[in-house]
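Chemist: got a predicted structure plus its sequence, pasted below:
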2 protein chains.
Amino acid sequence: MKVPRAERLVDMTNHILNHPREHISLSFFAQRYDSAKSSISEDLVIIKKTFKARGIGELSTNVGAAGGVTYIPFIQEHDADAFAKEMFEKVNDPTRVLPGGYIYLSDILADPQVLKMFGRLIATQYKNDDIQAVMTVATKGIPVAMAVAQELNVPYVVARSGANKVTEGPTISTPFTTGTTKQVNKLELSTRSLKKQQNIIIVDDFMKAGGTIIGLQDLAREFEANVKGIAVFAEGRAKERQVEDFTSLIHVDTNLESGEVIKVQLGNYKKIFMGK
Amino acid sequence: MKVPRAERLVDMTNHILNHPREHISLSFFAQRYDSAKSSISEDLVIIKKTFKARGIGELSTNVGAAGGVTYIPFIQEHDADAFAKEMFEKVNDPTRVLPGGYIYLSDILADPQVLKMFGRLIATQYKNDDIQAVMTVATKGIPVAMAVAQELNVPYVVARSGANKVTEGPTISTPFTTGTTKQVNKLELSTRSLKKQQNIIIVDDFMKAGGTIIGLQDLAREFEANVKGIAVFAEGRAKERQVEDFTSLIHVDTNLESGEVIKVQLGNYKKIFMGK
């Protein structure tokens, strides 16, 4: 039974949103709605136009026998700015300051809407790259990594510092030094969790000197992964920054002597929109 | 400028899907599209009908001056069955068996599509309940809890066993015993992360004897929380099960003497659809 356009548009929008970065063929929709491919093509023109106008993402279409559509989620710069400003106002609260130049973020990073926006922001940065996995470190990196992975529609992998549990099976580990406390520890990742030679990005909640990120890069090398970028929700200030090229939403300035937080400001996320 | 119906349907569908369990007023849409509320009402009838027909969820509408719509995500039983079958086939693989009656699940629980389906399944169970937070324990509970929290559009909170990090601030802790190894440990949760007297559900990846779940229930009691239910991705078999009332997608049978996995089967998730 033919499905009318109005219903097609609703169901197609849902289906497309649930399958980011996957090619969906015209035939799939034509069959699903018992409709001509020409009608489906017209639907897709409407969806594409609306997604663009509303900043939902890009619908890239290809025509011909193997024709279809791929949805690339992204956000527009003004939406990113509004999100960054909202996050800045939440984070910029003296009661969030914890000893050692840390900021309490767990409640913010527990909000599904915040995670979705952050995921979409980072997915925007890599919208033209073929990213195959997102790597992070337990525990607090997991939600932000998962949020990014959802928008890229790829798996995330979780390294652990310290002892791995038996439920991981065989692992590969690398030593790392936290830049702040200079403690040596090890990072471990299950050999099953990441295929060799994949394009990955590294995502974490907070970076100070960057020792953990360096450790993750070393671990990625053991898996012959190609690290295409690094993104953190917040960067803290450190005496010696070991990582230079990364994206952050929030920047936390600390007194380098005492470690006290002195200022919260926006991170360097604007670079995502440079030249776009 | 008036937005035509086709574009409204696409954008409304996206907006509604991104705001589950939130009341959205007719006025919001009327203003957004410079359209009469009567037209918006007609749009909502189409969306409601399509969501129902395609098993996307329930659109509950109320009319009048404060009229609007609330989207309750759920899945239909046959979609849940297909998902459970797919998961069963993945999990039922001898190479996944690890010592102690555990099964390697990390790759499965790293797939955004799997997490989304599991989240939606559990959200279906609580679709008529006012759940305010999802509680879990680090590390492996986080992705499943986050997936459920996303569908319920509520925050998730993460207890940790062992030493908490300074970035959590003040915590409340309770002791717990793992039913399998009888080790005593403690579970800790930041006092800031969960408000008092909330309705919560407890979600984890794997349960054997249920000692961790008991510990989470004790911790919830310290926060005066009302535990409305427990859900796990997979349940293992244990000699003495301490938790009776829970929902599971997958059931892993083990030899109670040797701890070896002897059979993988479906969990008890069908009860979600009883009488619905």
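Modeler: Cool, got the structure. Numbering: from 1, shown residues only, chains lettered A, B, ... in the order given.

Chemist: can I assume A:Ile47 sits in a strand?
Modeler: No. Assessed with DSSP: H, G, I helix; E, B strand; the rest coil, A:Ile47 is helix; it does not lie in a strand.

Chemist: so the closest residue to it other than its chain neighbours: helix, strand or coil?
Modeler: Leaving aside its chain neighbours, A:Ile47 sits nearest to B:Val10 (5.3 Å; criterion: CB to CB, 6 or more residues apart in numbering or on different chains). For glycine as for every other residue, the C-beta is placed from the backbone atoms N, C-alpha and C. The three-state assignment at B:Val10 reads helix, by three-state DSSP.

Chemist: how about A:Val134?
Modeler: strand.

Chemist: about what we covered before: quick check, the residue nearest to A:Ile47 in contact with A:Phe51.
Modeler: Yes. B:Val10 is within contact range of A:Phe51, at 7.4 Å (criterion: CB atoms under 8 Å).

Chemist: so between these two, which is more surrounded?
Modeler: Counted by other CB atoms under 10 Å in any protein chain shown, B:Val10 and A:Phe51 do not tie: B:Val10 has more neighbours, with 26 against 23.

Chemist: wait, what's in contact with that one?
Modeler: Shown in contact with B:Val10 (CB atoms under 8 Å, 6 or more residues apart in numbering or on different chains): A:Leu9, A:Val10, A:Thr13, A:Ile46, A:Ile47, A:Thr50, A:Phe51.

Chemist: which residue lies farthest from the center of chain A?
Modeler: For chain A, the C-alpha farthest from the mean C-alpha position belongs to A:Met1; by CA atoms, centre = their mean, that distance is 40.3 Å.

Chemist: still on that earlier bit, of the contacts of B:Val10, which is the nearest to A:Lys208?
Modeler: A:Phe51 (38.0 Å; CB to CB).

Chemist: just the CA trace of the helix or strand hosting that closest one, in CSV.
Modeler: Using DSSP states H and E, A:Phe51 falls within helix A:37-53. Provided in CSV are the C-alpha atoms of helix A:37-53 (Å, rounded to 0.1, in the frame of the first residue of the first chain):
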residue,chain,number,x,y,z
LYS,A,37,12.0,6.3,-6.8
SER,A,38,11.1,9.6,-8.4
SER,A,39,8.8,10.4,-5.5
ILE,A,40,11.4,9.3,-3.0
SER,A,41,13.9,11.7,-4.8
GLU,A,42,11.5,14.5,-4.3
ASP,A,43,11.1,13.7,-0.6
LEU,A,44,14.8,13.7,-0.2
VAL,A,45,15.0,17.2,-1.8
ILE,A,46,12.6,18.5,0.8
ILE,A,47,14.5,16.7,3.7
LYS,A,48,17.9,17.9,2.4
LYS,A,49,16.7,21.5,2.1
THR,A,50,15.1,21.4,5.6
PHE,A,51,18.2,19.8,7.2
LYS,A,52,20.3,22.6,5.7
ALA,A,53,18.0,25.4,6.6
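
Chemist: excluding covalently adjacent residues, which one is nearest to A:Thr178?
Modeler: Leaving aside its chain neighbours, A:Thr178 sits nearest to A:Gly211 (4.2 Å; criterion: CB to CB, 6+ apart).

Chemist: isn't the one you found up against A:Gln242?
Modeler: Yes. Counting by CB under 8 Å, A:Gln242 is a contact partner of A:Gly211 at 6.4 Å.

Chemist: looking at these two, which one has more neighbours?
Modeler: A direct count of neighbours by other CB under 10 Å for A:Gly211 and A:Gln242 places A:Gly211 higher, at 23 against 16.

Chemist: got the phi/psi numbers for the more buried one?
Modeler: Phi and psi for A:Gly211, reported as degrees, to the nearest 10, are phi -60, psi -40.

Chemist: outline the domain layout of chain A.
Modeler: Domains of chain A are assigned by automatic domain parsing as A:5-73, A:77-273.

Chemist: JSON lines for those, including distance to B:Val69 and mean pLDDT?
Modeler: Rendered in JSON lines, the data for the domains of chain A read as follows (distance: least, CB to CB, whole Å; pLDDT from 0 to 100):
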{"stretch": "domain A:5-73", "distance to B:Val69": "13", "mean pLDDT": "94"}
{"stretch": "domain A:77-273", "distance to B:Val69": "18", "mean pLDDT": "91"}
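
Chemist: mind listing what A:Val144 touches?
Modeler: A:Leu109, A:Leu115, A:Phe118, A:Gly119, A:Thr136, A:Val203, A:Asp204, A:Asp205, A:Val232, A:Phe233.

Chemist: now, which of those lie close to chain B?
Modeler: Contacts with chain B are made by A:Leu115 out of the contacts of A:Val144, judged by CB under 8 Å from any CB of the partner chain.

Chemist: top of the contacts of A:Val144 by neighbour count?
Modeler: The most crowded member of those, judged by other CB under 10 Å, is A:Val203 (31 neighbours).

Chemist: of all the contacts of A:Val144, which comes closest to chain B?
Modeler: A:Leu115 (7.5 Å; CB to the nearest CB).

Chemist: ok, which stretches of chain A are helices?
Modeler: Using DSSP state H, the helices found in chain A span residues A:5-17, A:26-32, A:37-53, A:77-91, A:112-125, A:141-152, A:211-222.

Chemist: and the closest residue to chain B within the stretch 151-276 of chain A, what are its phi and psi?
Modeler: The stretch 151-276 of chain A approaches chain B most closely through A:Pro155 (4.0 Å), counting by CB to the nearest CB. Backbone torsions for A:Pro155, taken as degrees, to the nearest 10, come to phi -70, psi 160.

Chemist: on that earlier part again, what's the helix holding A:Phe51 packed up against?
Modeler: helix A:5-17, helix A:26-32, strand A:57-62, strand A:68-73, helix B:5-17 (3 or more CB pairs under 8 Å, 6 or more residues apart in numbering or on different chains; DSSP states H and E).

Chemist: any idea of the angle that helix forms with strand A:68-73?
Modeler: For helix A:37-53 against strand A:68-73, the angle by axes from the mean of the first three to the mean of the last three CA atoms, to 10 degrees is 10 degrees.

Chemist: gap between helix A:37-53 and the chain center?
Modeler: Offset of helix A:37-53 from its chain centre (CA atoms, centre = their mean, to the nearest Å): 27 Å.

Chemist: check chain A for its longest strand and report it.
Modeler: Identified as the longest strand of chain A according to DSSP state E is strand A:226-236.

Chemist: angle of that one against helix A:77-91?
Modeler: Calculated by the same axes, to 10 degrees, strand A:226-236 forms an angle of 40 degrees with helix A:77-91.

Chemist: give me the helices and strands touching strand A:226-236, please.
Modeler: By 3+ CB pairs under 8 Å, 6+ apart, strand A:226-236 packs against strand A:102-103, helix A:112-125, helix A:141-152, strand A:199-207, helix A:211-222, strand A:247-254.

Chemist: for the second one, name the packing helices and strands.
Modeler: Secondary-structure packing of helix A:112-125 (3+ CB pairs under 8 Å, 6+ apart): strand A:68-73, helix A:77-91, helix A:141-152, strand A:226-236, strand A:247-254, helix B:141-152.

Chemist: no further questions, thank you.
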